[in-house]
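Q: Generate coordinates for the sequence data below:
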Amino acid sequence: MSGPSEPKIPRPGLGLIKRFVLGAVLIALLSAAATSTAGLLEVKDVGDIIRSGAKIEGIDNVLDSVDGGGPQTILVLGSDKRYSDGKGTPARSDTIMLIRLDPNKEATAVMSLPRDLRVTIPGSGTNKINAAYAFGGAKLSVQTIKALLNIEITHVVEVQFNGFQRAVNKLGGVYVDVDRRYFNDHGGPGGYATIDLKPGYQRLVGSDALDYVRFRHLDSDDVRAARQQGFLRQAKDQFGLGKLFGSRKELLRIFAAYTRTDIRSDTAIVRLLKLAFESSKHPIRTIHLEDSPSGEDLVASPDAIAKARKEFLNAKASSGLPPGARKKAKSTKKTKKKKTSTSKGSQTLPQGVFNDRRAAEDYVASASTRLPFPLYYAPVRFGLAAGSYEKDGARVYDIFDRAHHKYRAYRVAVYTGYIGQYYGIQGMDWKSPPILDNPSGQYRMAGRTYDLYSDGGKLRIVAYRTDRAVYWVSNTLSLSLSNKQMLAIARSLRWVGS
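A: You can find the predicted model right below:
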């Protein structure tokens with residue numbers, strides 16, 4: 001739906017192993033589940049491939065059994081010990097993630113536990129949660145997490161990052177909404193992994209995808225967890241069972257080569273495949289464990305732990321829509337289309353959002369002359385006074401769909417002033433990018449209709465379509481902008497020169 005008449009386009013011159021573990025596990029499960037959808041269960045073949053991987057020893061007696069078809073919780077551990085590390089170096093679990101497969105719930109629950117979370121480790125006193133892996137491997141990690149959350153853990157998967165590039169490349173890459181500039185050229189001992197990524201919606205393959213999901217410099221544990229979960233969500237949304245079915249055996253071999261797991265019997269495999277297939281139709285719900293800093297560690301109160309446990313076991317696909325919004329109705333011949341709700345009331349900016357028109361115009365002025373469609377920017381900004389637009393101006397670039405059609409795009413990246421928190425404004429003349437599939441609902445503001453995309457009660461994306469392009473406001477990785485703040489920024493969008 002178009003807004004007011006747009007100006008003519010000015011002529012030039014006129015003014016994302018460690019962080020991939022969840023994706024690896026679910027891609028492997030879904031690719032195996034795809035086999036059954038074609039009536040070719042091939043349990044023996046799938047089982048043989050999974051069993052070809054290394055087994056986690058000594059773990060069986062701490063895992064919980066479930067009735068056939070019952071929900072299962074999978075603990076995924078990503079070790080910080082690489083193949084190249086010297087022998088005798090204790091490994092710590094750099095990634096600790098729980099996946100809840102329960103087709104009777106509205107969503108597949110995913111919860112990351114920050115590695116610096118202070119917990120009681122059975123037999124070892126109080127320490128950071130990732131120390132449990134160093135002291136007693138997967139077995140002690142299971143015991144620690146079960147004691148912390150009081151939940152059953154059915155299976156454990158340990159993952160090393162080496163197979164990540166192969167899996168992503170096999171799938172043809174993943175389109176990812178990269179929130180900001182990622183750059184580091186100081187690698188090796190004493191440094192962080194090198195990376196060179198520019199902001200904007202783009203397809204990540206190979207080392208770029210690995211660099212993005214492994215990034216750990218100048219971020220908090222919460223932001224890193226949000227980045228890996230965002231990568232998973234976007235990967236899951238882009239690959240249907242048909243795509244996974246065609247590559248199922250190779251993906252499973254990659255999975256087996258770079259993981260260790262307790263999953264061995266055909267019975268366990270069949271149950272897991274059934275659950276994975278049934279759960280694949282549900283959205284992913286990210287569960288956040290509220291924590292706070294305490295020295296070099298993080299702490300979570302008993303109330304925060306209880307809340308996270310309840311949400312994890314009872315995942316809901318919350319729309320996260322603001323008052324007055326409606327879910328997008330499926331149009332049928334027998335269903336009368338409902339009228340889109342319209343926002344009412346004051347246009348006063350919500351707390352934390354302020355006018356910054358001149359700086360915004362200056363930031364995008366040059367970029368607007370290099371696009372075949374109008375550049376929309378936000379004359380308001382969210383964040384602290386220390387926040388800013390990323391240097392070098394708005395990024396203008398080419399993007400290609402999977403059929404290799406070329407489109408033009410731009411990205412405005414805004415630093416809020418809080419560590420690791422960047423939101424963005426994206427525009428492109430590719431009108432159907434995967435990220436904008438399946439909106440949660442719609443909202444009417446200032447004569448425009450916006451598509452809303454929610455995640456666990458918060459707006460993740462607010463998008464606006466015109467006849468010539470599509471534009472969206474992206475929340476930060478950890479969804480730190482409120483719904484009102486997201487809507488205020490989207491409402492303010494206007495083209496350069498208007």
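Q: which SSE is the residue nearest to A394 when sequence neighbours are not counted in?
A: Closest residue in space to A394, ignoring its immediate chain neighbours: A367 at 3.9 Å, by CB to CB, 6 or more residues apart in numbering. Backbone N, C-alpha and C define where each C-beta goes, glycine included. Under the criterion of DSSP states H and E, A367 resides in helix 357-368.
Q: any idea how far M97 is from the closest residue to L149 other than its chain neighbours?
A: In space, and not counting its chain neighbours, L149 is closest to R309: 5.1 Å by CB to CB, 6+ apart. According to CB to CB, to the nearest Å, R309 and M97 sit 15 Å apart.
Q: the more surrounded of these two?
A: Per other CB atoms under 10 Å, whichever of R309 and M97 has more neighbours is M97, with 23 against 17.
Q: L313 contacts A107, correct?
A: No. Counting by CB atoms under 8 Å, L313 does not reach A107; the two are 11.8 Å apart.
Q: got the residue ranges for the helices in the stretch 201-350 of the chain?
A: In the stretch 201-350 of the chain, the helices defined using DSSP state H, counting those that start in this stretch lie at 206-214, 221-238, 241-246, 248-257, 266-279, 302-313.
Q: Could you do the stretch 351-498 of the chain as well?
A: 357-368, 483-491.
Q: Quick check: which of these is buried the most?
A: Of the helices of the stretch 351-498 of the chain, the one with the most neighbours on average (mean count of other CB atoms under 10 Å) is helix 483-491, at a mean of 22.
Q: who's in contact with that helix?
A: Defining contact as CB atoms under 8 Å, 6 or more residues apart in numbering, one finds that helix 483-491 is touched by 320-322, 343, 347, 349-350, 352-353, 378, 380-382, 423, 425, 443, 445-446, 450, 458-459, 462, 464, 473, 475, 481.
Q: low-confidence ranges in the stretch 301-450 of the chain?
A: Scanning the stretch 301-450 of the chain for pLDDT under 70 picks out the ranges 318-324, 327-347.
Q: can you pull out the strands in it?
A: Along the stretch 301-450 of the chain, counting by DSSP state E, counting those that start in this stretch, strands occupy 326-327, 353-355, 376-377, 380-382, 388-389, 395-400, 406-415, 422-428, 441-445, 448-455.
Q: again, but for the stretch 101-250 of the chain
A: 108-112, 118-121, 125-128, 155-159, 174-178, 182-184, 195-197, 200-204.
Q: Minimum distance to S52: which of these has it?
A: S52 sits nearest to strand 155-159 of all these, at 14.7 Å, using CB to CB.
Q: how about stretch 468-482 as PDB, C-alpha atoms only?
A: Only the C-alpha atoms of stretch 468-482 are listed here, as PDB (Å, rounded to 0.1, in the frame of the first residue of the first chain):
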ATOM      1  CA  ARG A 468       8.400   1.100  -5.600                       C
ATOM      2  CA  ALA A 469      10.100  -0.300  -2.500                       C
ATOM      3  CA  VAL A 470       9.800  -1.800   0.900                       C
ATOM      4  CA  TYR A 471      11.100  -0.200   4.100                       C
ATOM      5  CA  TRP A 472      11.400  -1.500   7.700                       C
ATOM      6  CA  VAL A 473      12.600  -0.500  11.100                       C
ATOM      7  CA  SER A 474      14.600  -3.300  12.900                       C
ATOM      8  CA  ASN A 475      14.700  -3.500  16.700                       C
ATOM      9  CA  THR A 476      18.100  -4.100  18.400                       C
ATOM     10  CA  LEU A 477      19.200  -7.800  18.600                       C
ATOM     11  CA  SER A 478      17.900  -8.000  22.200                       C
ATOM     12  CA  LEU A 479      14.700  -6.100  21.300                       C
ATOM     13  CA  SER A 480      15.500  -3.200  23.700                       C
ATOM     14  CA  LEU A 481      13.200  -0.700  22.000                       C
ATOM     15  CA  SER A 482       9.600  -0.800  23.300                       C
END
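Q: Just the buried positions in that stretch, please.
A: Under the neighbour-count criterion of 16 or more other CB atoms under 10 Å, stretch 468-482 has 469-482 buried.
Q: ditto for stretch 126-139
A: Neighbour-count burial for stretch 126-139 flags 127-139 (criterion: 16+ other CB under 10 Å).
Q: what does stretch 58-73 rub up against?
A: With CB under 8 Å, 6+ apart, stretch 58-73 has contacts from 98-105, 137-139, 142-143, 146, 151-156, 262, 271-272, 274-275.
Q: quick one: R260 and G137 touch, right?
A: No. The criterion here is CB under 8 Å, and R260 misses it with G137 at 10.0 Å.
Q: Give me the common contacts of these two.
A: Here R260 and G137 have I56 as joint contacts, going by CB under 8 Å, 6+ apart.
Q: Please work out how many residues are found near the closest residue to Q234 other than its chain neighbours.
A: Spatially, and ignoring its direct neighbours in sequence, Q234 is nearest to V176 (5.6 Å; CB to CB, 6+ apart). Neighbour count of V176, defined by other CB under 10 Å: 24.
Q: you'd agree T144 is up against I121?
A: Yes. Here T144 reaches I121: they are 5.2 Å apart, a contact under CB under 8 Å.
Q: Look at these two and report which has more neighbours.
A: A direct count of neighbours by other CB under 10 Å for T144 and I121 places T144 higher, at 26 against 22.
Q: Please name the residues that touch the more buried one.
A: Applying CB under 8 Å, 6+ apart, the residues near T144 are 119-122, 129, 132.
Q: and if we set it to 10 Å?
A: Residues in contact with T144 (CB atoms under 10 Å, 6 or more residues apart in numbering) are 96, 113, 119-124, 127, 129-133, 135-136.
Q: cool, V110 as well?
A: Here V110 is in contact with 22, 26, 76, 97-100, 225, 228-229, 232-233, 284-287, 312, 315 (CB under 10 Å, 6+ apart).
Q: if you set the cut-off to 8 Å instead, what comes out?
A: Residues in contact with V110, defined by CB under 8 Å, 6+ apart, are 22, 97-100, 229, 232, 284-287.
Q: Format these as JSON lines; extra columns: distance to V299 and pLDDT.
A: Converted to JSON lines, these look like this (distance: CB to CB, whole Å; pLDDT from 0 to 100):
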{"residue": "L22", "distance to V299": "24", "pLDDT": "46"}
{"residue": "M97", "distance to V299": "20", "pLDDT": "87"}
{"residue": "L98", "distance to V299": "19", "pLDDT": "92"}
{"residue": "I99", "distance to V299": "25", "pLDDT": "90"}
{"residue": "R100", "distance to V299": "24", "pLDDT": "91"}
{"residue": "Q229", "distance to V299": "22", "pLDDT": "79"}
{"residue": "L232", "distance to V299": "27", "pLDDT": "77"}
{"residue": "I284", "distance to V299": "27", "pLDDT": "78"}
{"residue": "R285", "distance to V299": "24", "pLDDT": "82"}
{"residue": "T286", "distance to V299": "21", "pLDDT": "81"}
{"residue": "I287", "distance to V299": "18", "pLDDT": "87"}
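Q: Perfect, that will be all.
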